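[1] One predicted model, sequence on top.
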Amino acid sequence: MKKDTKVVHAGHNKARNGGAVNTPVVHASTIVFDTMADLREAERKAAAGERAMSYGRRGTPTHWTLQEALTDLAGGAETILVPSGLSAGTTAVLACVKAGDHILASDSIYGPTRDFCTSFMTRFGVETSFYDPLIGGGIAALMKPNTTLILCESPGSLTFEVQDIPAIAAVAKKQNARVAIDNTWATPLYCQPLKLGADLVIEAATKYIVGHSDAMMGAITGTAEAIALVKKTNGALGLSVAPDDVYLATRGLRTLAVRLERHQASAMKIAQWLQGRAEIKRVLYPGLPGDPGHALWKRDFSGATGLLGMVFKTTSQVAVEAMLAGMDFFALGFSWGGFESLIAPLDPKRTALRWNEPAPGIRIHVGLEDVDDLIADLDKGLARFCKALGSS
Ligand SMILES: *Cc1c(COP(=O)(O)O)cnc(C)c1O
């Protein structure tokens, strides 16, 4: 089955759906049983991690459909759903480390996941250090005997460096450290990191999978060995995802392939247009030939999505604010992955190495609007930018 077909059909179970194309929203906390034997059997299945209605927190058929679809797309053993993309990151971390361990985290990882490692986890005796996202196999030099987890995000969703996951995974395997990667930019459609050697894949389903800016969700898919740890951790934390939101995510997933095609085509056209602008120093988009990450992107990804960055030759806070303030279609906002275009300042926080580009730059999410309307909007915005820069 080709990937676009999988997006449409994966996880579909006619018997489970009573014939309906979509799995209905099954609400449940309590499940009642006819006999003690049935109750015991549900308990046994829940303990063994088998699909069974035993208690609402453990999931209902609505959840199973999305879990099975994401597992199939990612090429993993199982998927755990959690209430947000951030909780997917934090649950993966908690599953992989214990007191006394050391985490190596890419300097490009999602800010709140970074904060979780440096503030929350230190209270439990777990130390985190940050590495250059472009380090590749050179990460061997940073491994400590107690390094049990390497966190990656590729491309970084602010700075867009593409990481050499196979090289990093090869180093991790030598001492049984696990590799967890945030794959939100690419989605399971455009990159399958488990096939590149990762143990766990984190998706902020809030973004492209839900796709309509209306529900929050995270997903963790893993190898059999790694996902078992996540399952245990998730069970212990008591996280639970509402079936209504799961329904929205599954519905979003079914159109992911066609939405991403449009996001990609428009983002590429805008990236190329931006490259030709005198104000722009560099467009951060691995799909662009000439981007430093383009070769790795070509090797490991099958597409590029709608999120990209740009840095200016000369910039100022005032000029960026002048641009952002008057946009017609690019709304001011930090999330992305919905049908609409968004814009935000780009000013990365780094510790492993300095971000040497002039800041602030700008990050845009290219939505599903007509691309020529979007280019006209950016054109007017850049005129405001230049005017403000010239008069400051
Ligand atoms: C948004 C985002 C998250 C967090 O997702 P939420 O659902 O907002 O918690 C994690 N990683 C990346 C790369 C993101 O863009």
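    Thanks, I have the structure now.

[2] quick one: buried residues of the host helix or strand of residue 295?
    Residue 295 belongs to helix 294-300 when assigned by DSSP states H and E. Within helix 294-300, the residues that qualify as buried are 294, 296-297, 300, counting by 16 or more other Cβ atoms under 10 Å. Placement of C-beta: from N, CA and C, glycine included.

[3] ok, which pair from those is furthest apart?
    294 and 300 (11.3 Å; Cβ to Cβ).

[4] which neighbours do the two share?
    residue 162 (Cβ atoms under 8 Å, 6 or more residues apart in numbering).

[5] Would you agree residue 220 falls within a helix?
    No. Counting by DSSP: H, G, I helix; E, B strand; the rest coil, residue 220 is not part of a helix but strand.

[6] Enumerate the residues of the stretch 151-300 of the chain near the ligand.
    Proximity of the stretch 151-300 of the chain to the ligand, by Cβ under 6 Å from any ligand atom, involves residues 153, 157, 182, 184, 204, 206-207, 216, 218.

[7] Got the phi and psi for the closest residue to residue 365 other than its chain neighbours?
    Distances taken as Cβ to Cβ, 6 or more residues apart in numbering place residue 336 nearest to residue 365, at 3.7 Å, with adjacent residues excluded. Backbone torsions for residue 336, taken as degrees, to the nearest 10, come to phi -170, psi 180.

[8] Equivalent analysis for the one 10 residues further on, please.
    Note on residue 346: backbone dihedrals following degrees, to the nearest 10 are phi -120, psi 110.

[9] What degree of burial does the spatially closest residue to it that is not a sequence neighbour show, as a neighbour count?
    If the residues on either side of it in the chain are set aside, residue 346 comes closest to residue 361, at 4.0 Å by Cβ to Cβ, 6+ apart. Counted with other Cβ atoms under 10 Å, the neighbours of residue 361 add up to 24.

[10] Quick one, which of the residues of the stretch 151-300 of the chain next to the ligand has the minimum pLDDT?
    Scanning these for pLDDT, the low point is residue 157. It has 90.

[11] and residue 169, what is it in contact with?
    So residue 169 contacts 179, 196-198 (Cβ under 8 Å, 6+ apart).

[12] Show me the residues you listed that map onto helices.
    Residues of those located in helices (DSSP state H): none.

[13] which of the residues you listed lies closest to the ligand?
    Checking the contacts of residue 169 against the ligand by Cβ to the nearest ligand atom gives residue 198 as the nearest, at 14.9 Å.

[14] for the closest one, what are its contacts?
    Counted by Cβ under 8 Å, 6+ apart, residue 198 has contacts 152, 165, 169, 179-181.

[15] So which of the residues you listed belong to strands?
    152, 179-181 (DSSP state E).

[16] Make TSV from those residues and add distance to residue 17 and neighbour count to it.
    Compiled in TSV, those are given as follows (distance: Cβ to Cβ, whole Å; neighbours: other Cβ atoms under 10 Å):
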residue	distance to residue 17	neighbour count
152	36	29
179	35	26
180	32	30
181	32	29
